[in-house]
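[1] I'll drop the sequence and a predicted model, then ask my questions.
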Amino acid sequence: MSSEMCPVCGLPKDLCICQEVAKEQQRITVKINRRRYGKEVTVIQGIDPHEIDLNELATYLKSELACGGTVKGYGVIELQGNHTGRIKKILVKKGFGENQIQI
C-alpha cells in the first residue's frame, strides 16, 4: 500500500482536499471584452494557476458551454461569446464559492 502523501495537507493523494479548499478561496471576476468585428469574449480572471489546473477547467467550461476558448497569461481563461448568464452556475457546480464570483 504505497499511497503518496500530499505535502500540503498531509493526507493521501486520493483523499487530498487541498484543491477543494483552494476553490473556495478564489476571487473570480467575469467580464466581457469586445474584439474585432464586434465579437464578444468572456474573460474569467482571478484563478490562481498554482492551485487549480486552468487547462482542465477551460476544457470543462468549453464543453459545458459548447464554445471555443483558451488559457491566456497568468490565470486568465477566454471563452468565445457572451456567457455571463450561465458561467456562474457552472463555476458553482464545479466547486467554486458563489459569493466569490463577481460578474
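    All right, it came through fine. Residues are numbered from 1 along each chain as shown.

[2] could you pull out the strands for the protein?
    28-34, 40-45, 69-72, 76-80, 101-102 (DSSP state E).

[3] what's the closest of those strands to residue 53?
    Closest to residue 53 of the strands of the chain, according to C-beta to C-beta: strand 69-72, at 9.8 Å. Backbone N, C-alpha and C define where each C-beta goes, glycine included.

[4] What strands line up against that closest one, and which way round?
    Taking DSSP bridges as the criterion, strand 69-72 sits next to strand 76-80 (antiparallel) in its sheet.

[5] what separates the partner strand from the chain centre, distance-wise?
    Chain-centre distance of strand 76-80: 10 Å, with C-alpha atoms, centre = their mean, to the nearest Å.

[6] Columns mean pLDDT, distance to residue 95 and mean neighbour count on top of the strands of the chain, output as TSV?
    Shown next, in TSV, are the strands of the chain (pLDDT from 0 to 100; distance: least, C-beta to C-beta, whole Å; neighbours: other C-beta atoms under 10 Å):
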stretch	mean pLDDT	distance to residue 95	mean neighbour count
strand 28-34	92	12	14
strand 40-45	94	15	18
strand 69-72	92	18	16
strand 76-80	94	16	19
strand 101-102	88	12	16
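
[7] Include distance to residue 86 when you put the ones you listed into CSV, please.
    Compiled in CSV, the strands of the chain are given as follows (distance: least, C-beta to C-beta, whole Å):
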stretch, distance to residue 86
strand 28-34, 11
strand 40-45, 10
strand 69-72, 14
strand 76-80, 10
strand 101-102, 12
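
[8] how about those strands, which one is nearest residue 91?
    strand 101-102 (5.7 Å).

[9] Which secondary structure element of this protein has the lowest mean pLDDT?
    The weakest-scoring helix or strand in the chain, judged by mean pLDDT, DSSP states H and E, is helix 18-25 (a mean of 66).

[10] Looking at the strands of the chain, spot the one closest to residue 63.
    Comparing the strands of the chain under C-beta to C-beta, the one sitting nearest is strand 69-72, at 10.3 Å.
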